[in-house]
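Participant: could you look at this predicted model? Sequence included:
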Amino acid sequence: MRADYLEFWKNRYPDLLAATGEHLTISLASIALGVAVAVPLGIYLSGSRIRWLRSLVFSVANLFQTIPSLALLAILIPLLGIGMKPAIFALFLYSLLPILRSTYAGFQSVDPSVLEAARGMGFSRSQRLLSIQLPLAFPYIMSGVRLTTVYIISWTTLAALIGAGGLGQLIVSGIGVNKTELIVSASLCAIVLALIFDRALGAVEKFGARRARTERGDASLLHG
């Protein structure tokens with residue numbers, strides 16, 4: 001039995017490596033798009049006084065979360081075809097709400113009196129954003145990105161159903177030919193990827209939290 005497993009790993013190692021590369025490409029592309037859209041949007045909404053716009057944006061982002069993943073992929077096929085494009089776009093839509101919510105919460109947590117004191121000392125809007133608000137909100141933002149990354153890596157396995165490849169393709173193939181070793185191996189690779197990114201982003205989040213505590217101390221001196 002052990003020899004059979006060793007032979008399996010020897011034969012399937014290139015396939016697992018290639019599928020892992022595809023899996024990472026889909027996951028990281030969708031997360032990067034989510035960060036590029038949700039973080040600036042969350043920053044804008046945190047400073048906006050237009051309540052209906054804030055409600056509209058969060059409602060739309062929440063709507064994407066309520067659509068079943070398979071249904072969303074099926075809807076995108078007529079628009080984007082099959083392959084990586086619809087998979088990345090669907091996962092990008094799923095990534096918006098948690099990143100948007102954490103960014104908004106982070107910027108809302110900044111003490112307005114500190115910003116007012118910085119304004120009185122001549123800080124421009126961009127200086128307040130980069131020197132005070134962003135460092136203090138960074139742990140919140142990273143918390144959302146970390147959670148989203150773990151979810152997206154898991155959900156990317158469904159991309160195989162529309163021909164996008166990745167580790168899900170090996171899982172589907174293993175189910176089709178009743179190969180338990182293939183199913184378990186691909187699943188373990190996805191789990192390991194999620195754990196690695198969770199630990200790495202967790203370390204970044206902790207570093208940001210330490211920086212935020214330092215910034216809060218400096219902000220208190222500024223306010224005082």
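Facilitator: Arrived safely.
Participant: can we go C-alpha only for contacts and neighbour counts from here?
Facilitator: Fine.
Participant: where does Gly122 sit: helix, strand or coil?
Facilitator: Gly122 carries the three-state label coil when classified by DSSP: H, G, I helix; E, B strand; the rest coil.
Participant: low-confidence stretches in this structure?
Facilitator: Along the chain, the model assigns pLDDT under 70 to residues 1-12, 211-224.
Participant: go again with 80.
Facilitator: Scanning the chain for pLDDT under 80 picks out the ranges 1-15, 48, 111-131, 177, 179-181, 208-224.
Participant: looking at this structure, which helix is longest?
Facilitator: Ranked by residue count, the top helix of the chain under DSSP state H comes out as helix 2-47.
Participant: from the contact counts, what lies against that helix?
Facilitator: helix 84-108, helix 134-155, helix 167-176, helix 180-223 (3 or more CA pairs under 8 Å, 6 or more residues apart in numbering; DSSP states H and E).
Participant: now do 6 Å
Facilitator: helix 84-108 (3 or more CA pairs under 6 Å, 6 or more residues apart in numbering; DSSP states H and E).
Participant: and the angle from the helix it packs on to helix 134-155?
Facilitator: Orientation check (axes from the mean of the first three to the mean of the last three CA atoms, to 10 degrees): helix 84-108 against helix 134-155 gives 150 degrees.
Participant: hmm, who's touching helix 84-108?
Facilitator: Helix 84-108 is contacted from outside by 26, 30, 34, 38-39, 42, 46, 61, 65, 76, 80, 137, 140-141, 144-145, 148, 159, 164, using CA atoms under 6 Å, 6 or more residues apart in numbering.
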